[in-house]
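**Q** What would the 3D arrangement of this be:
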Amino acid sequence: MNKTSKIILGVSIALILILGAFIYMQFSKITEAENQLVELTQVMEFEKQQSIEEYEKLAMEYEEFYIETSNDSLLKLFDEEKQKVQQLLQELKTVKATNARRIKELQKELGTVRGVLKSYIYKVDSLNTVNDHLKKENVKVKKQIAEAQEIKRQLEEKTNELDAKINLASILEADEIQIKTLNKKGKVTKSLKRITNIEICFQVLRNITAERGYKTVYIRIADANGEVLTTETNTFEFEGKELIYSAKKEIEYNGENTPVCMYYKVTNPLQTGSYSIAIFAEGNLIGTTGIVLK
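**A** Numbering: from 1, shown residues only. Below you'll find the model as predicted:
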């Protein structure tokens, strides 16, 4: 082997050694890169699994969280967010662990959804607080209304009692009732055959609570059999019934003692016996008396 061959051989061996070293170094780098890729994939898979667990936890929170509100709009938004969480969770389960960008986006979405849930919880708490306040106010108002109604009822009761007393006090009263039987000349007579008029005179007593003005007074003269002496079928109302009267007269009453004389014209012969006389005014019996004819 000549010198040139030796040189070539030496160079070839050196090149082989250098190439071998280079290949070894490159293989080492590839192995290291593969190991790093495996480690990175494992880390990314771990992060993905953590994100899945967080989404599942959030989905469970949405399922377990109960909104006690009558606000339909809020309930609708809450249901929409529940569906959104389920959709994002499904996507996260299917996305590749190496798709770091999308996983980061989904993690960001997770934070947003959590914020939305917190805002709903705050709104519900606020609405429930307001609702509780309104319920308490409603109870308070109802109590006040009940108290006011009770006071009104008591006042009405007292007013009715007072009105009844006033009405009772305002009833007119006839006193000093005098009965005379008169002949056709207006003279007093005891003879039944000569009696042509029966005179009833009385005082309508003073009453400061009674209304002033014109009032109609009715007289009923009844015999022992209860038959009312009358010339016509004339009636007036008393306690919901129509009663026959013997005579009536309109008087002007000013609240002071008012003398009244009324007359019944006898058209049929009178019989011996007791006669009752009742005086009425403003729907009330204001005086009674009687007379015996012989």
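**Q** list the contacts for residue 257?
**A** When contacts are counted by CB atoms under 8 Å, 6 or more residues apart in numbering, residue 257 touches 203-206. Heads up, the C-betas are built off the backbone N, CA and C, glycines and all.
**Q** do the same with residue 172
**A** Residues near residue 172 by CB under 8 Å, 6+ apart: 204-205, 207, 210, 215, 253, 281-282, 284, 286.
**Q** switch the cut-off to 10 Å
**A** Contacts here follow CB atoms under 10 Å, 6 or more residues apart in numbering; on that basis residue 172 touches 204-205, 207, 210-211, 215, 217, 251, 253, 258, 279-282, 284, 286-287.
**Q** Among these, which lie within strands?
**A** The strands in this structure, assigned by DSSP state E, contain 204, 215, 217, 251, 253, 258, 279-281, 284, 286-287 from the contacts of residue 172.
**Q** Give me the buried subset of those residues.
**A** 204, 215, 217, 251, 253, 258, 279-281, 284, 286-287 (16 or more other CB atoms under 10 Å).
**Q** would you turn these into CSV with distance to residue 188?
**A** Shown next, in CSV, are these (distance: CB to CB, whole Å):
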residue, distance to residue 188
204, 24
215, 28
217, 23
251, 24
253, 28
258, 24
279, 21
280, 26
281, 26
284, 30
286, 25
287, 21
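**Q** from these, which is closest to residue 235?
**A** Distance to residue 235 across these (CB to CB) is lowest for residue 280, with 11.5 Å.
**Q** For the spatially closest residue to the closest one that is not a sequence neighbour, give me the pLDDT.
**A** Using CB to CB, 6 or more residues apart in numbering and skipping the chain neighbours, the partner closest in space to residue 280 is residue 218 (4.3 Å). For residue 218, the pLDDT comes out at 96.
**Q** likewise residue 157?
**A** 76.
**Q** Quick check: phi and psi on it?
**A** When read as degrees, to the nearest 10, the backbone of residue 157 gives phi -60, psi -50.
**Q** and if you look at residue 228?
**A** Backbone torsions of residue 228, given as degrees, to the nearest 10, read phi -90, psi 130.
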